[in-house]
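Trainee: what would the 3D arrangement of this be:
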Amino acid sequence: MSAAFKKALKSNQKEHRERSQPGFRKNVGLLEKKKDYKLRADDFHKKRNTLNALRRKALEKNPDEFYFKMTSTKLQDGVHLTKQPQEETTEEQLKLMRTQDIKYVEMKRVAEAKKIERLKSELHLLDAEGKQQNKHIFFLDTKKEVQQFDLATHLKTAPELVDRVFNRPTIETLQKESIKGVTEPRLIKMLAKQRKHQYTILKQRIEREKKMFVISQKIQTRKDLLDKTQKVKIKKETVDSPAIYKFKYQRKR
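Mentor: I've put the predicted structure just below:
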């Protein structure tokens, strides 16, 4: 094998790699390699060819030519919109669909109501405004004991928890929790935060249950309108209530 042929062999040639971004130019981003340029160039040429083809199609289009799709499209604000075909359903099918919708919404509403009752039984709504406060009467023997009476000492709890009628841990319980690494003020804040979170969840579930009830009423109203012919609208439909109609009484034979 000649020396010139060995020199021409690619297996013996040095592999030339593209350099990386120098350290002092890291602030300008990555250095573009040839494969990155190839992707960017292909994307540019594809978009340019598409625009040229559309431009040529628009120039060569015959304005008097008829297309069958013209019957199902319309031009609105310079944009072609396709008309959606109307669903062909009978009155019996519509009634059945409304009935199924009502059953589904009622099922979800009942499930939500059960969760609300369970949360109410756990929280007892002790923080609700306007709720009558519980009265606890303490009986003492002498007037001196009445004057020296300390409610926090008598209940064996912290002074910050005296006004609470729920979740009032004793000092012994707070000390046990403090041993676990939670101090008394931090424990009190943590308990208050957890209870506030529970009330927030309860409020959200109550609002969701009300919305489902309104949706159920609206679906029932639309279902009733399929059976009645002569009707007079008394009240418009709102976000919180369905529309109210007055139907003409017809004597059944």
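Trainee: tell me where the stretch 151-253 of the chain has helices.
Mentor: For the stretch 151-253 of the chain, the helices defined by DSSP state H, counting those that start in this stretch occupy 151-155, 171-179, 184-225.
Trainee: mean pLDDT lowest for which of the ones you listed?
Mentor: Looking over those, mean pLDDT reaches its minimum on helix 171-179, with a mean of 63.
Trainee: in this structure, what helix or strand scores lowest on average pLDDT?
Mentor: helix 171-179 (a mean of 63; mean pLDDT, DSSP states H and E).
Trainee: select, out of the helices of the stretch 151-253 of the chain, the one closest to Ala111.
Mentor: Of all the helices of the stretch 151-253 of the chain, helix 184-225 sits nearest to Ala111, with 9.5 Å by Cβ to Cβ. Placement of C-beta: from N, CA and C, glycine included.
Trainee: helices or strands up against the closest one?
Mentor: When contacts are defined as 3 or more Cβ pairs under 8 Å, 6 or more residues apart in numbering; DSSP states H and E, helix 184-225 packs onto helix 91-123, helix 171-179, strand 244-247.
Trainee: so which of the ones you listed is nearest Ala53?
Mentor: helix 91-123 (45.6 Å).
Trainee: format the helices and strands packed on helix 184-225 as JSON lines; extra columns: mean neighbour count and distance to Phe139.
Mentor: Listed next are the helices and strands packed on helix 184-225 as JSON lines, based on neighbours: other Cβ atoms under 10 Å; distance: least, Cβ to Cβ, whole Å:
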{"stretch": "helix 91-123", "mean neighbour count": "14", "distance to Phe139": "31"}
{"stretch": "helix 171-179", "mean neighbour count": "13", "distance to Phe139": "23"}
{"stretch": "strand 244-247", "mean neighbour count": "12", "distance to Phe139": "59"}
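Trainee: how near is Lys57 to Glu65?
Mentor: Look at Lys57 and Glu65: by Cβ to Cβ, to the nearest Å, they are 12 Å apart.
Trainee: kindly apply the preceding question to Leu151 instead.
Mentor: 93 Å.
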